[in-house]
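**Student:** here is my input, please return the structure:
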Amino acid sequence: MLKEFASVTQVYLVTGYTDLRRGIDGLAEVVQGKLELDPYNTALFLFCGRRRDRIKGLLWEGDGFLLLYKRLDNGCFRWSRNETEAKLLTEQEIRWLFEGLELEQPKAIKPGVRGIIY
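**Tutor:** Okay, here's the model as predicted:
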């Protein structure tokens with residue numbers, strides 16, 4: 001268990017609300033059906049319900065799925081609830097998410113863009 005967790009290269013945040021009563025098969029169906037992504041790749045998919053104090057993660061380890069579950073004692077997770085889509089997170093956004101911060105930080109320094117040197 002967790003043998004492949006260190007090699008996770010992508011973390012997708014499934015926006016919107018997800019029924020957290022779903023198990024592995026139900027969450028994999030959301031990834032494959034609604035999001036049109038492959039649940040068998042090395043990505044971690046994160047889901048959150050309406051209460052926003054619980055989060056589920058789905059990860060394929062090569063020989064089976066790993067279902068991760070976290071419940072906060074105090075506070076809530078913050079992310080977009082408009083529609084169901086998969087947002088690829090950066091390392092910084094993952095830290096913000098688990099620190100209870102919004103993923104869109106208005107005062108954060110944005111990554112640089114390659115362009116003209118002046």
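
**Student:** give me the below-cutoff pLDDT ranges for the protein.
**Tutor:** For the chain, the stretches with pLDDT under 70 are 1-7, 118.

**Student:** can you name the next helix or strand after the helix or strand encompassing residue 28?
**Tutor:** Per DSSP states H and E: residue 28 is located in helix 24-29. The first helix or strand that comes after helix 24-29 along the chain, using DSSP H and E, is strand 44-48.

**Student:** pretty sure residue 89 contacts residue 8?
**Tutor:** No. Contact criterion Cβ atoms under 8 Å: residue 89 and residue 8 do not qualify, at 11.1 Å. In this view, the C-beta of every residue, glycine as well, is placed from N, C-alpha and C.

**Student:** which of the two has more neighbours?
**Tutor:** residue 89 (19 against 14; other Cβ atoms under 10 Å).

**Student:** can you tell me the closest non-neighbouring residue to the more buried one?
**Tutor:** Ranked by Cβ to Cβ, 6 or more residues apart in numbering and with sequence neighbours excluded, the top spatial neighbour of residue 89 is residue 11, at 4.7 Å.

**Student:** same question for residue 40.
**Tutor:** residue 60 (4.9 Å).

**Student:** all helices of this protein, in order?
**Tutor:** 24-29, 91-98 (DSSP state H).

**Student:** dump those into a markdown table; add distance to residue 47 and mean neighbour count as well.
**Tutor:** Output for the helices of the chain, formatted as a markdown table (distance: least, Cβ to Cβ, whole Å; neighbours: other Cβ atoms under 10 Å):
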| stretch | distance to residue 47 | mean neighbour count |
| --- | --- | --- |
| helix 24-29 | 6 | 15 |
| helix 91-98 | 12 | 15 |
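
**Student:** tabulate those (CSV), appending distance to residue 77.
**Tutor:** Listed next are the helices of the chain as CSV, based on distance: least, Cβ to Cβ, whole Å:
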stretch, distance to residue 77
helix 24-29, 16
helix 91-98, 6
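
**Student:** who's in contact with stretch 10-18?
**Tutor:** 27, 30-31, 35, 37, 41-50, 56, 79-89, 93-94, 97, 103 (Cβ atoms under 8 Å, 6 or more residues apart in numbering).
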